[in-house]
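Asks: turn this into a structure:
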Amino acid sequence: MKKVSWLLLMFFCAVVQAKSFYLIRHAEKVDDGSKDPVLTLQGQQRALNIAHMLSEAAITQVYATDYQRTQLTAKPLADHLGLPVTIYDPRELTAFADQLKAQEGNVLIVGHSNTTPMLVHLLSGEPAFKMSEAEYDNIYQLVIEAGQITLTQFKSLPMQSGGNQSTIEK
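Replies: Here you go, the predicted model:
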């Protein structure tokens, strides 16, 4: 009996230590020439779909830069989960990555085409990749468990009438 209890405790501890980071670029933005545009209708629909996709991912923290497009992309999920959207400084990615590594729980981070690849690199050690200005549909899931890092890429779609039933498992 003690052996079974010990094994269950070890399994539980391993599960508790696993954490996931979901890194995305903001959804489609209005091309109005401003430095801080809002989301297009398609971008708003994509933000809703991301919220739907990640609603069961046990996210405990939501981060976004201090721009309307990132805040509006993060807001539907944060609202659904009853979480605030915490602002991070995209100019301080190394310090932010260290902060993320030290905290518990699953996290959504909404960034930009020039910050999301670098943050994936800082968190995973994988080579940085390029992200085009037209790329809005990638979700990078980085799972850290028992010192092992797994990076998976998913696609998000803008919400269609009737909804998109895509989900990501916890």
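
Asks: how about the strands in the chain?
Replies: Shown for the chain, the strands assigned by DSSP state E span residues 19-25, 59-64, 85-87, 106-111, 138-145, 148-155.

Asks: can you show me the CA trace of the first one as CSV?
Replies: C-alpha atoms of strand 19-25 as CSV (Å, rounded to 0.1, in the frame of the first residue of the first chain):
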residue,chain,number,x,y,z
LYS,A,19,3.7,23.8,-17.3
SER,A,20,2.7,25.1,-20.6
PHE,A,21,3.3,28.4,-22.3
TYR,A,22,1.0,29.4,-25.2
LEU,A,23,2.7,32.1,-27.3
ILE,A,24,0.8,33.9,-30.1
ARG,A,25,1.1,37.0,-32.2
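
Asks: tell me which of the strands of the chain is the most buried.
Replies: Mean neighbours per residue, mean count of other C-beta atoms under 10 Å, is largest over the strands of the chain for strand 106-111, with a mean of 25. Yep, even glycine has a C-beta here, placed from its N, CA and C like the rest.

Asks: before we move on, the earlier item: need the strands of the chain in JSON lines (columns: mean pLDDT and distance to Ala97).
Replies: As requested, the strands of the chain are exported to JSON lines (pLDDT from 0 to 100; distance: least, C-beta to C-beta, whole Å):
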{"stretch": "strand 19-25", "mean pLDDT": "96", "distance to Ala97": "10"}
{"stretch": "strand 59-64", "mean pLDDT": "98", "distance to Ala97": "11"}
{"stretch": "strand 85-87", "mean pLDDT": "98", "distance to Ala97": "15"}
{"stretch": "strand 106-111", "mean pLDDT": "98", "distance to Ala97": "10"}
{"stretch": "strand 138-145", "mean pLDDT": "93", "distance to Ala97": "11"}
{"stretch": "strand 148-155", "mean pLDDT": "90", "distance to Ala97": "13"}
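
Asks: good, we can wrap up now.
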